[in-house]
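Peer 1: Turn this into a structure:
(one chain, ligands or ions: 1)
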Amino acid sequence: MVIPCRLPLAPPPLAVPVLSPEQRRKLDESSDALFYAQPRFVQHLDGAFRQRLTALYRERLAPGTTVLDLMSSWVSHLPPDLSFHAVLGHGMNAAELEANPRLSRHWVQNLNEEQTLPLEPSSVDAALIVAGWQYLQQPEAVAVELLRVLRPGGQLIVAFSNRMFATKAPQAWLEGSDRDRLSGVAKVLLCQGWELDQLLSEDTTAAGPLGWIGGKGDPFFAVIARKPAGRGHG
Ligand SMILES: C[S@@+](CC[C@H](N)C(=O)[O-])C[C@H]1O[C@@H](n2cnc3c(N)ncnc32)[C@H](O)[C@@H]1O
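Peer 2: Predicted structure coming up:
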């Protein structure tokens with residue numbers, strides 16, 4: 001089922017800027033809609049990363065709740081035996097989202113052009129972003145919107161590795177170290193009023209594509225934040 005893109009009447013509150021205009025620039029400034037026009041039925045992260053992510057979700061997500069998989073694809077990495085009240089999916093390619101068996105409903109939206117999410121305030125228990133934050137040119141406004149749609153006390157899990165479509169990543173991500181990226185995501189969230197819960201930075205023992213000459217697989221990074229319990233529904 002596709003969610004109609006019905007935007008809330010009130011615009012979201014202003015975001016606190018963290019990135020400079022230069023840090024938001026990408027090598028490929030053409031519309032992201034072009035880049036994502038064709039579906040990619042591939043795994044963007046290696047098996048060890050995906051296993052770690054699914055284990056984190058098992059630890060953190062409560063069954064029967066409403067989960068938002070923002071910047072999703074044909075896979076959501078959720079534990080197969082955990083069932084949810086609803087899994088709302090957002091992404092850039094409708095065919096990928098339609099093929100994702102975990103999604104109850106979904107919509108397509110370019111977050112670099114429009115950050116207002118077509119969701120009611122406090123309607124989501126947990127939001128997930130996997131290998132997606134690295135493409136956001138307006139991460140502050142997205143963080144404000146996520147704060148609006150999560151229930152007080154709800155958590156946001158932003159997971160990523162060190163791979164990316166380099167031409168589509170803003171300068172802040174492209175030029176930063178792993179540590180810069182982890183602290184950068186945390187800073188954007190803190191500045192919009194999120195509470196930090198946990199930062200994860202884990203090396204991998206898995207071999208990468210160049211494993212035969214010592215190449216390593218995908219390291220695992222995650223920023224886990226909470227909407228303050230006393231924050232209300234705004
Ligand atoms: C590397 S894929 C990761 C997809 C999925 N989360 C996964 O784990 O396979 C990056 C995703 O970021 C999202 N994305 C990239 N640019 C975007 C944009 N401008 N607006 C909204 N979403 C975007 C798309 O959903 C795209 O599939």
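
Peer 1: Which residues of this protein lie near the ligand?
Peer 2: 32, 36, 44, 71-73, 75, 91-92, 110-112, 130-132, 135 (Cβ under 6 Å from any ligand atom). In short, each C-beta sits where N, CA and C put it, glycine included.

Peer 1: Of all pairs in those residues, which one is the farthest apart?
Peer 2: Between any two of those, the greatest separation by Cβ to Cβ is 22.4 Å, found for 75 and 112.

Peer 1: so where do the strands sit in this protein?
Peer 2: 66-70, 86-91, 105-108, 124-130, 150-160, 195-202, 220-226 (DSSP state E).

Peer 1: can I get those in TSV with mean neighbour count and mean pLDDT?
Peer 2: Below are the strands of the chain laid out as TSV (neighbours: other Cβ atoms under 10 Å; pLDDT from 0 to 100):
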stretch	mean neighbour count	mean pLDDT
strand 66-70	24	98
strand 86-91	22	98
strand 105-108	17	98
strand 124-130	24	98
strand 150-160	22	98
strand 195-202	13	97
strand 220-226	23	98
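
Peer 1: show me the contacts for residue 217.
Peer 2: The contact partners of residue 217, by Cβ atoms under 8 Å, 6 or more residues apart in numbering, come to 46, 48, 49, 204, 206, 207, 208, 211.

Peer 1: low pLDDT regions in this structure?
Peer 2: Applying pLDDT under 70 to the chain flags the ranges 1-13, 210-215, 233-234.

Peer 1: residue closest to the middle of it?
Peer 2: residue 129 (1.7 Å; Cα atoms, centre = their mean).

Peer 1: That one touches residue 158, doesn't it?
Peer 2: Yes. Using Cβ atoms under 8 Å, residue 129 is in contact with residue 158, at 4.8 Å.

Peer 1: Could you report the neighbour count for residue 85?
Peer 2: 12 (other Cβ atoms under 10 Å).

Peer 1: Helices along the chain, start to end?
Peer 2: Counting by DSSP state H, one finds helices in the chain at the ranges 32-35, 47-60, 94-98, 139-149, 171-174, 178-192.

Peer 1: Please identify the buried residues of the first one?
Peer 2: For helix 32-35, burial by neighbour count (16 or more other Cβ atoms under 10 Å) applies to residue 32.

Peer 1: list the helices and strands it packs on?
Peer 2: Using 3 or more Cβ pairs under 8 Å, 6 or more residues apart in numbering; DSSP states H and E, no helix or strand is in contact with helix 32-35.

Peer 1: Could you do the fifth one as well?
Peer 2: Under the contact criterion of 3+ Cβ pairs under 8 Å, 6+ apart, the helices and strands touching helix 171-174 comprise helix 178-192.

Peer 1: can you state the direction angle for the helix it packs on and strand 150-160?
Peer 2: Orientation check (axes from the mean of the first three to the mean of the last three Cα atoms, to 10 degrees): helix 178-192 against strand 150-160 gives 170 degrees.
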